[in-house]
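K.L.:
Structure of the sequence below:
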Amino acid sequence: MAELSSLAELGAATGNTNTQPAAPVHVQKLDKSGRAYATGKRKNAIARVWVKPGSGKIIVNDKEFATYFARPVLQMILNQPIIASNRAGQYDIVATVVGGGLSGQAGAVRHGISKALTYYEPTLRAVLKKGGFLTRDSRVVERDQHFGMGAAIGQFYGTRRLLAMRRVRRFLQFFGPLVELLGLDRQQVAARIDADVVELGRLSAQLLRHLHVALELARSRRRSRRVPAWRGNRARQTQATVQGAGTASGWWWRRGRPGRD
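P.N.:
Residues are numbered from 1 along each chain as shown. Sure thing, here's the model as predicted:
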C-alpha cells in the first residue's frame, strides 16, 4: 500500500474529496406584497420593519421618521445601514416600534432595516455585517445591586483606584530621592503600594456589602416584631375605660349600652 503524505491524498483514498462544508446560500425573502420583512431589537424596544422599492420615504409609527425621531443623532442612527449599503432614496421603509425609549427604538429600527435589506438584496449582507448592523446590540443599563449600593459600585471602585494611583505618583515624585537613597527600586515600591491599594479597596467594598446586608436584615426583623397600630390602640382604650376615663376615650365601650356610666 502506498504511503499517504497529505490530507488530500487521504481523502482521495477514502473517496471523500469534499473536505470543507459548502457555504450557506442566502436567498431573497419576500412576502405576498413583494416586501421584505424583518424584526429588530435593542434594549427593551422591538421594531417590525417592511422594505420595498420606492423613493426613500421612511415611516415610523405612522409618522415621518424626522418627526418621530426629532434628535439628529437618532436620525443618523436610523440612516446608517442605508448609507453603508449605498441605497439612499431607493427603498420605502415602514416600521412600527414599541417599548423602551427613543434611543432604544432608533437602534431597534436600524437593526430591522439592516436585516430587511439583506432579505431583499442578499448581496448586501457582507457590507452590513462588516459594519456590525446585523448583530443585535446587547448592551443595557446595569441594574441596582441587591445590597442597596446602586449599579455603579464597580465604577466607584475604579475611580478610587485611579485616585490612589495619582497619590502614588505624587508620593514617588516627592520622595523619589529618599527612595533612591535607601537603595529601593521605584517600580517595586509603586507596585507594592498599588497592590495594597487594590486589596484595601476590595476589602472595603466587601465590608460595605456585608454592612448593607446586615442593615436590611435588622430592618426586616424590626418590621416583623412591630405590633399593629390597631392592636395597641384598642388595648389602650380598653385600659382607659376600665380605669374610669372620660367619654372621649371610652365612647366605643359604652356606645349602645345605656345605664352604664
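
K.L.:
low-scoring stretches of the stretch 1-150 of the chain, by residue?
P.N.:
1-22, 143-150 (pLDDT under 70).

K.L.:
All the helices of it, residue numbers only.
P.N.:
7-14, 65-68, 72-84, 102-120, 125-130 (DSSP state H, counting those that start in this stretch).

K.L.:
Okay, Thr96 and Val127: tell me how far apart.
P.N.:
The gap separating Thr96 from Val127 is 26 Å, by CB to CB, to the nearest Å. Heads up, the C-betas are built off the backbone N, CA and C, glycines and all.

K.L.:
meant to ask about Leu74
P.N.:
22 Å.

K.L.:
which residue sits closest to Tyr120 in space, ignoring its chain neighbours?
P.N.:
Distance criterion CB to CB, 6 or more residues apart in numbering; nearest residue to Tyr120, sequence neighbours excluded, is Ala36 at 3.8 Å.

K.L.:
which ones are touching that neighbour?
P.N.:
Gln28, Lys29, Leu30, Trp50, Val51, Lys52, Ala116, Leu117, Tyr119, Tyr120 (CB atoms under 8 Å, 6 or more residues apart in numbering).

K.L.:
which of those sit farthest apart?
P.N.:
Gln28 and Trp50 (14.6 Å; CB to CB).

K.L.:
In terms of neighbours, single out the busier of those two.
P.N.:
Between Gln28 and Trp50, Trp50 has the larger neighbour count (other CB atoms under 10 Å), namely 19 against 11.

K.L.:
Confirm for me that that one is in contact with Tyr91.
P.N.:
No: the pair Trp50 and Tyr91 does not pass the contact test of CB atoms under 8 Å, sitting 10.0 Å apart.

K.L.:
Can you tell me which of the helices of the stretch 1-150 of the chain is packed in deepest?
P.N.:
helix 102-120 (a mean of 24; mean count of other CB atoms under 10 Å).

K.L.:
Out of the helices of the stretch 1-150 of the chain, the one nearest His210 is which?
P.N.:
helix 102-120 (35.7 Å).

K.L.:
For the residue nearest to Tyr120, list each beta-bridge partner.
P.N.:
Counting by DSSP bridges, Ala36 forms beta bridges with Val51.

K.L.:
Check Asp92 too.
P.N.:
Lys52.

K.L.:
Return the distance of it relative to Gly104.
P.N.:
24 Å.

K.L.:
what does Ala70 give?
P.N.:
16 Å.

K.L.:
for the helices of the stretch 1-150 of the chain, which one sits closest to Leu215?
P.N.:
helix 102-120 (34.7 Å).

K.L.:
Output the closest one as CSV, restricted to C-alpha atoms.
P.N.:
Only the C-alpha atoms of helix 102-120 are listed here, as CSV (Å, rounded to 0.1, in the frame of the first residue of the first chain):
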residue,chain,number,x,y,z
LEU,A,102,-36.4,56.8,21.8
SER,A,103,-32.7,55.8,21.8
GLY,A,104,-33.6,52.1,22.1
GLN,A,105,-36.3,52.4,19.5
ALA,A,106,-33.9,54.0,17.0
GLY,A,107,-31.5,51.1,17.5
ALA,A,108,-34.3,48.6,17.0
VAL,A,109,-35.4,50.2,13.8
ARG,A,110,-31.9,50.3,12.5
HIS,A,111,-31.4,46.6,13.3
GLY,A,112,-34.7,45.8,11.5
ILE,A,113,-33.8,47.9,8.4
SER,A,114,-30.4,46.1,8.1
LYS,A,115,-32.0,42.7,8.3
ALA,A,116,-34.8,43.6,5.8
LEU,A,117,-32.2,45.0,3.3
THR,A,118,-30.3,41.7,3.4
TYR,A,119,-33.6,39.8,2.8
TYR,A,120,-34.4,41.9,-0.2
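
K.L.:
and the angle from it to helix 72-84?
P.N.:
Calculated by axes from the mean of the first three to the mean of the last three CA atoms, to 10 degrees, helix 102-120 forms an angle of 10 degrees with helix 72-84.
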